[in-house]
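Novice: I'd like to go over a predicted model; first the sequence, then the structure.
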2 protein chains.
Amino acid sequence: MNLPKQVKIVEVGPRDGLQNEKENVPAEVKIALVDRLSAAGFPNVEAAAFVSPKWVPQMATSREVMDGIARRSGVIYSALTPNMQGFDAALAAKADEVVIFGSASEAFSQRNINCSIAESITRFEPVARAAKEHGVRLRGSISTAFGCPYQGEVPLEAVADVVARMRDLGCDEIDIADTIGVATPRHTQAVMETAIRAFRIDGLSGHFHDTYGQALANIYASLELGIAIFHSSVAGLGGCPYAKGATGNVATEDVLYLMNGLGIETGVDLDAVVDAGDYISQFLGRKSSSRAGNALLAKRNG
Amino acid sequence: MNLPKQVKIVEVGPRDGLQNEKENVPAEVKIALVDRLSAAGFPNVEAAAFVSPKWVPQMATSREVMDGIARRSGVIYSALTPNMQGFDAALAAKADEVVIFGSASEAFSQRNINCSIAESITRFEPVARAAKEHGVRLRGSISTAFGCPYQGEVPLEAVADVVARMRDLGCDEIDIADTIGVATPRHTQAVMETAIRAFRIDGLSGHFHDTYGQALANIYASLELGIAIFHSSVAGLGGCPYAKGATGNVATEDVLYLMNGLGIETGVDLDAVVDAGDYISQFLGRKSSSRAGNALLAKRNG
């Protein structure tokens, strides 16, 4: 079984990570973090969310961040856009990619946005059309694809259905996300195989959480199927909103250690990411939740 | 590819784990821990080490622990025995299994015990003979099989050689240990395939450390080869002596979460292990280093 020779790591720490941190991070720190990450070699950094600051105060500085970063040629800077207002703001801020989102769990969709999955996707139609018109990349993010904090199990058919809807909206890339970190490798493969039947494999990405320590095993199981895009968060920024004190997003340093060990090219410099993780962890005043990050720092400090 | 239907989890927290904790743990706490673990369903608990208390003060209470535990029928209580003095003490303490150990790295062997790998194994001959005579199970533990803090890479031939030597001593079970946690899945498979060529697959076990977050991915990769015995440490007890503040032994709770998710039988009750991990973490006054343990506790506490 051959693994991909090359994978794309999408660094989501500055947006998905920091959005879920208690501490509010000022724009200049976010800018410094994004710049460290793009300098480390990531081809794609999720940097902003153009959402209501009333609901997501941590993202209120998104325009300032997008204006302040030192853009690297070839790097895709992504922004979440829940609606046309968000899209217009993302366009004005020169986002290279806009991200729309839906859930694979009906219960999660109802609880979070008070509408069905199908309705939530329909609401994104104008954003998707506008992205196409303006030549902006469109990414669709599918949450709770492996399990839901409200309904528990999520049927494979529900994943297939929402992947098809995202595809039909014209998404260039679709993320299959384990929002609560409950997946294990064979379940991961079943979900990913379902997604592969509904969308181009080279446009599918795995977004795993390490809540139960399973993320790297799930990433490895996804690599075995040929999945070649993964999301991760420097220093494991983000935590888990569904289990206080638990781990959330898989840490980028751990993912890079895995890829390096497997001989898979990422174009990202692990040492530089360890530095970026140390920078933001020091700002937040806590230990990184990356195991590889902490071990590599410990080794450096002798 | 079929995974094993059933695996044996060897709980090493009370010995391998606590031996590497800074805080000295009194015998009554160790006894309570071992009893909680055997009640949780582990078929094998590494409970003691009959070594010089001058070198390993944490293990000075080994006899008291072995005398104090509530023995469960069918459970194997293992003890490390570096020499005949240790073997005699283990026999007197009614250990069901004695553990001898060697390294796959010449540099590690020289630095740690001041002799070559071959010499170190030869020194165990009397212990191995005595174990056979007394009908005590014999386990051979091979450290630094995936990498060494002193020499770096460890050749596959060195692993093959020491597995063969352990086999020729009459070991019933042989552990392949990633002492510094540097392995990744394909390297794991290469080392395990080497070991499988030299010993019965059903007598081989994987002992992984989570220093760089790779342990579960390596366990999954080992399962794919048919390896069906794994070591783990409740609450991730132990830490890493080679990188201060880094993670050491893979946490049992994370391993059980993996096995449960894969539908692999272990006979161990994860909730009871979470309790045991909480018990010892509270005694040590720190957060467990098990991700699944922390998440499950967080969910319980609502």
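Specialist: Thanks, I have it. Keep in mind it's a predicted model, so treat the numbers as computed, not measured. Numbers count the residues shown, from 1 in each chain, chains lettered A, B, ... in the order given.
Novice: using the three-state scheme, assign residue A:268.
Specialist: The three-state label for residue A:268, taken from DSSP: H, G, I helix; E, B strand; the rest coil, comes out as coil.
Novice: what's it in contact with, if anything?
Specialist: By CB atoms under 8 Å, 6 or more residues apart in numbering or on different chains, residue A:268 lies in contact with A:9, A:40, A:41, A:42, A:256. The C-beta positions use only the backbone N, C-alpha and C, and glycine is treated the same way.
Novice: neighbours of the nearest residue in space to it that is not next to it in sequence, how many?
Specialist: Nearest residue to residue A:268, sequence neighbours excluded (CB to CB, 6 or more residues apart in numbering or on different chains): residue A:41, at 4.2 Å. Counted with other CB atoms under 10 Å in any protein chain shown, the neighbours of residue A:41 add up to 18.
Novice: ok, now how distant is residue A:41 from chain B?
Specialist: 19 Å (CB to the nearest CB, to the nearest Å).
Novice: next, that residue: phi, psi?
Specialist: Main-chain dihedrals, residue A:41, degrees, to the nearest 10: phi 110, psi 0.
Novice: where does it land on pLDDT?
Specialist: Residue A:41 is assigned a predicted lDDT (pLDDT) of 98.
Novice: show me the contacts for it.
Specialist: By CB under 8 Å, 6+ apart, residue A:41 lies in contact with A:266, A:267, A:268, A:269, A:272.
Novice: again, only this time at 6 Å
Specialist: A:267, A:268, A:269 (CB atoms under 6 Å, 6 or more residues apart in numbering or on different chains).
Novice: distance of whatever residue of the stretch 201-302 of chain A ends up closest to chain B from residue B:214?
Specialist: Distances between the stretch 201-302 of chain A and chain B by CB to the nearest CB are smallest at residue A:261, namely 2.6 Å. Separation of residue A:261 from residue B:214 (CB to CB, to the nearest Å): 7 Å.
Novice: who has more neighbours, the two?
Specialist: Just comparing residue A:261 and residue B:214: by other CB under 10 Å the higher neighbour count belongs to residue B:214, 31 against 19.
Novice: what does that one show for phi and psi?
Specialist: Per-residue torsions, residue B:214: phi -100, psi -10 (degrees, to the nearest 10).
Novice: overlap of the contact sets of residue A:261 and residue B:214?
Specialist: With CB under 6 Å, 6+ apart, residue A:261 and residue B:214 have common neighbours residue B:184.
Novice: ends of stretch A:164-176, what's the gap?
Specialist: 12 Å (CA to CA, to the nearest Å).
Novice: narrow the contacts of residue A:268 to those in helices?
Specialist: A:40, A:256 (DSSP state H).
Novice: most neighbours out of the contacts of residue A:268, which is it?
Specialist: Compared across the contacts of residue A:268, residue A:42 has the highest neighbour count, 29 neighbours, by other CB under 10 Å.
Novice: what is the neighbour count of residue A:126?
Specialist: So residue A:126, with other CB under 10 Å, has 12 neighbours.
Novice: element containing it, please.
Specialist: Following DSSP states H and E, one finds residue A:126 within helix A:125-133.
Novice: report the angle between the next helix or strand after that helix and helix A:125-133.
Specialist: Next along the chain after helix A:125-133, taking DSSP H and E as the criterion, comes strand A:137-143. On the basis of axes from the mean of the first three to the mean of the last three CA atoms, to 10 degrees, strand A:137-143 is oriented at 150 degrees to helix A:125-133.
Novice: packing partners of strand A:137-143?
Specialist: Helices and strands touching strand A:137-143, by 3 or more CB pairs under 6 Å, 6 or more residues apart in numbering or on different chains; DSSP states H and E, are strand A:97-103, strand A:173-177.
Novice: give me the sheet partners of the longest one and which way each runs.
Specialist: Each strand that strand A:97-103 pairs with, and the sense of that pairing, follows from DSSP bridges: strand A:76-80 (parallel), strand A:137-143 (parallel).
Novice: could you say what helices and strands the helix or strand following the first one packs with?
Specialist: Scanning forward in sequence from strand A:76-80 by DSSP H and E, the next helix or strand is helix A:84-92. Packing contacts for helix A:84-92, counted by 3+ CB pairs under 6 Å, 6+ apart, involve helix A:125-133.
Novice: please repeat the previous calculation with a cut-off of 8 Å.
Specialist: Applying 3 or more CB pairs under 8 Å, 6 or more residues apart in numbering or on different chains; DSSP states H and E, one finds that helix A:84-92 contacts helix A:62-68, strand A:76-80, strand A:97-103, helix A:125-133.
Novice: mean pLDDT added to these, as JSON lines?
Specialist: What follows is the helices and strands packed on helix A:84-92, written out as JSON lines (pLDDT from 0 to 100):
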{"stretch": "helix A:62-68", "mean pLDDT": "98"}
{"stretch": "strand A:76-80", "mean pLDDT": "98"}
{"stretch": "strand A:97-103", "mean pLDDT": "97"}
{"stretch": "helix A:125-133", "mean pLDDT": "98"}
